[in-house]
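Q: show me how the following folds:
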Amino acid sequence: MDLSMTTADAKIETPSRTLTAKRTLSWVLGLPPAYYVLAILIALAPAVSATLINPNYWFVILKQSAPLGIAVLAQSLVMRVRSIDLSVSGVFAFSIYLASSGLLNSYPPFVTVLMPIVIGLAVGLINGALVAYVRASAVIATLSVSAILIGIVQFMSSGRAPGSTPSWLRVLTSGNIYGLSYSVIVWIGISVVVALAFRFLILGRYFRAVGDNPRAAEITGIPLARTIFVSHTLAGALTGIAALVQVSALAVGTIKPGFDTFMNALAATILGGVTFGVDRGGVAGPFVAVVAFSFLFAMLTVFGIQEPGKLIVQGGIIALAAIIYGARVGRV
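A: Okay, the predicted model is just below:
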């Protein structure tokens, strides 16, 4: 009697284990490409350089990733509602110039701290108005705003590099708690706030509805234009914070527009599972993607590969991510 009961239990348990294994495999295969890329890089790291597996070096990578990580959060907000923001380079360039040119030296320190955030917020408001209410192309509108900001920097600087950034501001990047930079703590804190907002606030449901089907969302009463406007406004504010962190990481200012900034932000967002209207990666996916990109560039530097090679690799990763998502959509 006991033997028959054991056999019956085994028959029931075997399908259960099979179902659990299938669900686990499906979950793993559904992860954004960023997780695969980071896992492969970590596996290859010991063969490339012992420095890459040093825990202290990971703290350095995280510190270097903080500005891009916050910018990626900003990009993911607008891409969730099927828009895009290419003004990040202009916000970065304008903020860095003002902080390092000495124009704000006569003002209290809080002015320098708030300056990038105010600039980012203003740019976000302009982008949101153009895209949501004027119905201008997001690519053209945001790229134009970025070009205007970069042009102003070029005009004000007369092509000459500005001075140094305030030494007291560098504490945001150089200061740390148990090895973790203040800038990384800011990045993680903002990520948690964004994740909780999408999980519990009605704004998160609006973003998902607009991303799934803008026309259907509008028919059901969701304020489409206002949602897009808010996404660009919030993205602008986050870009301003990212610019502040970038300023704190620099000892000397620059007038280079940094077109790779928005390229990296766009690439990491896609690799992290957030594309136009698709949000498979949540907040964690883009976070992992930023770390993966920084780790990848560190490995390429070890191999002596310069910027052109890095751009080629970056483009290849974006194309691979697009192919993966296309294949997944085709199977649905």
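Q: list the contacts of Ile117.
A: Shown in contact with Ile117 (C-beta atoms under 8 Å, 6 or more residues apart in numbering): 237, 240-241, 244. Any C-beta I mention is one placed from the backbone N, CA and C, and that applies to glycine too.
Q: which ones among those residues are found in strands?
A: Counting by DSSP state E, no part of the contacts of Ile117 is found in strands.
Q: give me the nearest residue to Arg226, chain neighbours excluded.
A: Nearest residue to Arg226 in three dimensions, chain neighbours excluded: Ala132, at 7.2 Å (C-beta to C-beta, 6 or more residues apart in numbering).
Q: picking up where we left off before, of all the contacts of Ile117, which two lie farthest apart?
A: Pairwise distances across those peak at 10.8 Å for Ala237 and Leu244 (criterion: C-beta to C-beta).
Q: ok, the two, which is more surrounded?
A: Leu244 (26 against 20; other C-beta atoms under 10 Å).
Q: so what's that one up against?
A: Under the criterion of C-beta under 8 Å, 6+ apart, the neighbours of Leu244 are 95, 113, 116-117, 172.
Q: pull out the buried residues from stretch 297-313.
A: For stretch 297-313, a neighbour-count test (16 or more other C-beta atoms under 10 Å) marks 297-300, 310, 313 as buried.
Q: for those, give me a markdown table that also has distance to Ala267.
A: A markdown table is the format used below for those (distance: C-beta to C-beta, whole Å):
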| residue | distance to Ala267 |
| --- | --- |
| Phe297 | 11 |
| Ala298 | 16 |
| Met299 | 16 |
| Leu300 | 14 |
| Lys310 | 11 |
| Val313 | 10 |
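Q: which ones among these lie within strands?
A: Among those, no residue falls in strands (DSSP E).
Q: after the helix or strand bottoming out on mean pLDDT in the chain, next one along is what?
A: Ranked by mean pLDDT, DSSP states H and E, the weakest helix or strand in the chain is helix 2-29, scoring a mean of 60. As assigned by DSSP states H and E, the chain's next helix or strand after helix 2-29 is helix 33-48.
Q: tell me the mean pLDDT over the helix or strand just after that following helix?
A: Sequence-wise, the next helix or strand downstream of helix 33-48 (DSSP H and E) is helix 55-80. Looking at helix 55-80 alone, the average pLDDT works out to 90.
Q: so which elements touch helix 55-80?
A: Helices and strands touching helix 55-80, by 3 or more C-beta pairs under 8 Å, 6 or more residues apart in numbering; DSSP states H and E, are helix 88-100, strand 180-181, helix 182-200, helix 202-212, helix 224-249, helix 259-271, strand 274-275, helix 284-302.
Q: compare these and give me the one nearest Pro55.
A: Nearest of those (C-beta to C-beta): strand 180-181, 11.4 Å.
Q: which phi and psi values does Gly221 adopt?
A: phi 100, psi 0 (degrees, to the nearest 10).
Q: tell me the one of the contacts of Leu244 nearest Ala47?
A: When the contacts of Leu244 are ranked by distance to Ala47 (C-beta to C-beta), Leu172 comes first, at 35.2 Å.
Q: the closest one and Trp187 touch, don't they?
A: No - taking contacts as C-beta atoms under 8 Å, Leu172 lies outside contact range of Trp187: 11.1 Å.
Q: look at the two and report which has more neighbours.
A: Ranked by neighbour count (other C-beta under 10 Å), Leu172 and Trp187 place Trp187 first, with 26 against 19.
Q: what's the distance between the more buried one and Ala147?
A: 28 Å (C-beta to C-beta, to the nearest Å).
Q: over to Phe262?
A: Separation of Phe262 from Ala147 (C-beta to C-beta) stands at 12 Å.
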